[in-house]
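> Provided below are the primary sequence and the corresponding predicted coordinates.
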Amino acid sequence: MKKVLTIALAVVMMLAAVACTGSQPAQTTTTEPVKTDTQTTATSDTPWLTADGKCACGKCTVDMSKYSPYIQQLIYAAHKNGETLTVYGACDESYVKAAGEKFEELFQIPTEETRYATGELFTKTEEEKNNPQADVWFGGSNDYYFKAKDAGLLATYEPENKKNLIDNPAFIDVDYQWVGIYTGVLGIMFNMDEGAALGLEAPKTWAELADPKWTVNGEKLIALPNPETSATATNFLATQKYRFGYPDNLDSAGLEAYLKAFDKNVCQYTKSGSGPSKMVGPGECVVGISFLHDGVAQIANGYKNIQLIVPEDGTGFEVGAAAMVKNDKNPNAAKLFVEFCLTADCVNMGKDYQSMQNLVITAEAGAIQPELLKEYGLDDLSKLNLVPYDVSDVAPKLKDWTAEWLSYVGDDERHQKKS
């Protein structure tokens with residue numbers, strides 16, 4: 001009898017176990033939102049995708065088919081977390097806006113964009129360090145990205161799309177705190193019509209711009225960005241340092257004399273680096289100092305009276321960059337934006353929005369260089385007479401060099417400041 005009871009009890013227990021197991025929900029693998037800088041390894045189980053290849057967040061209709069599994073997970077996580085994106089940009093305002101709108105169109109993440117001069121961008125982010133309002137930086141010379149890195153303002157992120165960069169260590173930070181998206185060369189823009197009317201020929205060198213002839217009947221003819229707000233202008237200061245022998249044989253007295261004489265010919269120090277390029281064509285100045293791709297954009301806008309000059313006595317150059325802000329509130333959206341910056345979808349728009357920069361994304365990745373750069377000989381910086389600009393050395397010195405420049409030239413109504 002005990003044996004029968006034992007067998008019966010065993011059967012009951014087995015049936016109970018089966019019933020209990022059948023009452024539990026099926027176990028599924030879930031993908032947590034991407035919260036760290038470690039890229040998630042894709043598996044055959046893709047819960048971030050619907051059966052028809054759309055984002056499975058339930059909040060958007062993004063077609064995931066053109067993106068890698070890692071990018072797909074960023075999109076999914078950004079939507080699951082309800083993330084938005086705030087962009088602080090230093091490219092031309094129209095490009096900053098267009099890039100933000102394109103990002104929102106592609107990924108259906110609400111995006112806001114604000115344009116600042118590069119120095120302003122740094123200052124504002126530093127002011128907001130304890131409560132960041134921006135998620136990403138877009139554009140502007142990487143000397144300020146080096147400053148931001150040293151100030152602890154940028155996040156470390158190694159993008160998957162770094163594979164799209166031209167193979168050059170100058171185009172990505174060694175610690176992955178910024179990525180390059182374009183290059184540019186500093187130069188002189190000359191209004192040929194206004195110059196001819198005044199009996200002036202186009203300058204060929206920086207040295208010529210200290211000549212008193214660039215002030216006519218009390219009218220100063222040169223526009224330069226303000227080093228207090230513009231990375232273009234600090235690039236100008238660094239260029240002059242190199243021309244006068246920096247770092248090993250700097251002629252400090254000669255540099256001071258040059259900057260003082262140059263200042264006497266300046267009608268305005270614009271807040272933005274591209275400001276002078278926009279003054280030359282309409283005749284608001286005869287000579288403007290900017291990165292020459294800004295001049296190319298103005299020629300494309302119809303100002304055929306602008307001549308572009310790469311100074312024969314050597315000039316500076318930039319790498320324009322993008323980065324994530326440290327402790328931003330929308331990490332998946334911010335990472336996705338950095339990935340976006342390294343694609344043709346982003347960089348090819350520049351030429352249509354006042355930004356004719358020389359791209360550092362490969363042709364294999366779909367980048368198309370602006371044709372006008374070739375026409376003006378600006379498509380290959382290796383062919384130009386450039387100073388040995390070492391941005392890692394220059395960046396920490398920009399604040400002191402700006403203060404030194406102000407001690408030479410003073411401060412007056414010509415100096416446009418931050419808003």
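Looks like it came in fine.
> look up the pLDDT of Lys417 for me, please.
If you check Lys417, the pLDDT there is 83.
> how far away is it from Ala90?
Lys417 sits 16 Å away from Ala90, going by C-beta to C-beta, to the nearest Å. C-beta here means a position set from N, CA and C on the backbone, and glycine is covered the same way.
> which residues of the stretch 1-150 of the chain fall in strands?
Applying DSSP state E, counting those that start in this stretch to the stretch 1-150 of the chain gives strands spanning 85-89, 111-115, 136-141.
> confidence score at Pro33?
For Pro33, the pLDDT comes out at 42.
> ok, the nearest residue to Lys129 once chain neighbours are set aside - how many residues close by?
Once flanking residues are discounted, Lys129 sits nearest to Leu153: 6.3 Å by C-beta to C-beta, 6 or more residues apart in numbering. Using other C-beta atoms under 10 Å, Leu153 has 23 neighbouring residues.
> cool, and Ala363?
Neighbours of Ala363 (other C-beta under 10 Å): 11.
> list phi and psi for it.
Dihedral pair for Ala363: phi -60, psi -30, per degrees, to the nearest 10.
> gap between it and Leu121?
For Ala363, the distance to Leu121 equals 30 Å [C-beta to C-beta].
> comparing Lys417 and Ala90, which residue is more hemmed in?
Ala90 (30 against 11).
> OK, contacts around the more buried one?
By C-beta atoms under 8 Å, 6 or more residues apart in numbering, the contact set of Ala90 is 96, 115-118, 121, 137-141, 231, 320.
> number of residues surrounding the nearest residue to it once chain neighbours are set aside?
Distance criterion C-beta to C-beta, 6+ apart; nearest residue to Ala90, sequence neighbours excluded, is Gly140 at 3.0 Å. By other C-beta under 10 Å, the residues close to Gly140 number 29.
> likewise Gln73?
25.
> hmm, Asp45 and it touching each other?
No: judged on C-beta atoms under 8 Å, Gln73 makes no contact with Asp45 at a distance of 11.9 Å.
> next secondary structure after the helix or strand hosting Asp193?
Assessed by DSSP states H and E, Asp193 sits inside helix 192-197. Proceeding N to C from helix 192-197, the next assigned helix or strand is strand 215-216, under DSSP H and E.
> parallel or antiparallel, which strands does that following strand pair with?
Using DSSP bridges, strand 215-216 pairs in its sheet with strand 219-220 (antiparallel).
> would you map the strands across the stretch 251-400 of the chain?
Going by DSSP E, counting those that start in this stretch, the stretch 251-400 of the chain shows strands at 266-270, 287-291, 306-309, 317-324, 358-359.
> and of these, who's closest to Met192?
With distances scored as C-beta to C-beta, the stretch of the strands of the stretch 251-400 of the chain nearest to Met192 is strand 306-309 (5.3 Å).
> quick one: contacts of the closest one?
Contacts for strand 306-309 (C-beta under 8 Å, 6+ apart): 187-192, 202-204, 280-281, 292, 295-296, 298-299, 376, 378.
> quick one: contacts for the closest residue to Lys264 other than its chain neighbours?
Residue nearest to Lys264 in three dimensions, not counting chain neighbours: Thr215, with 6.4 Å by C-beta to C-beta, 6+ apart. Thr215 is in contact with 221, 264-265, counting by C-beta under 8 Å, 6+ apart.
> confidence score at Thr215?
Thr215 carries a pLDDT score of 98 in this model.
> same question, Lys204
pLDDT, Lys204: 98.
> so what's the residue count around it?
Neighbour number of Lys204 under other C-beta under 10 Å is 13.
> what of the one 5 residues further on?
When neighbours are counted by other C-beta under 10 Å, Leu209 registers 21.
> ditto for Asp248
5.
> same check, this time on the one 10 residues further on
Counted with other C-beta under 10 Å, the neighbours of Tyr258 add up to 19.
> now for it: which residues touch it?
Going by C-beta under 8 Å, 6+ apart, Tyr258 touches 207, 210, 240, 244.
> most neighbours, which of the residues you listed?
Gln240 (23 neighbours).
> now stretch 358-368: buried residues?
Neighbour-count burial for stretch 358-368, with 16 or more other C-beta atoms under 10 Å as criterion, is recorded at 358-361, 365, 367.
> got the end-to-end distance for that stretch?
Start-to-end span of stretch 358-368 (C-alpha to C-alpha, to the nearest Å) is 9 Å.
> before we move on, back to that, out of the contacts of Tyr258, who's nearest Thr61?
Distances from Thr61 to the contacts of Tyr258, taken by C-beta to C-beta, are shortest for Gln240, at 53.5 Å.
> okay, and the closest one sits in which element?
Gln240 belongs to helix 231-243, assigned by DSSP H and E.
> on that earlier part again, which PyMOL command selects the buried ones in the contacts of strand 306-309?
Command for PyMOL that selects the buried part of those, burial taken from 16+ other C-beta under 10 Å:
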select buried, resi 187+188+189+190+191+192+202+203+280+281+292+295+296+298+299+376+378
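> ok, the spatially most central residue of the chain - contacts?
In the chain, the C-alpha nearest the mean C-alpha coordinate belongs to Gly139, at 1.9 Å (C-alpha atoms, centre = their mean). With contact set as C-beta under 8 Å, 6+ apart, Gly139 has these partners: 89-91, 95-96, 181-182, 320-322, 355.
> gap between it and Gly218?
According to C-beta to C-beta, Gly139 and Gly218 sit 37 Å apart.
> show the average pLDDT along stretch 358-373.
According to the model, stretch 358-373 has a mean pLDDT of 96.
> now the end-to-end length of that stretch.
Per C-alpha to C-alpha, stretch 358-373 runs 7 Å from first to last residue.
> sorry, back to before: now the residue nearest to Lys264: how far from Ile222?
Distance of Thr215 to Ile222, computed by C-beta to C-beta: 9 Å.
> common neighbours of these two, please.
Taking C-beta under 8 Å, 6+ apart as the contact rule, Thr215 and Ile222 both touch Asn265.
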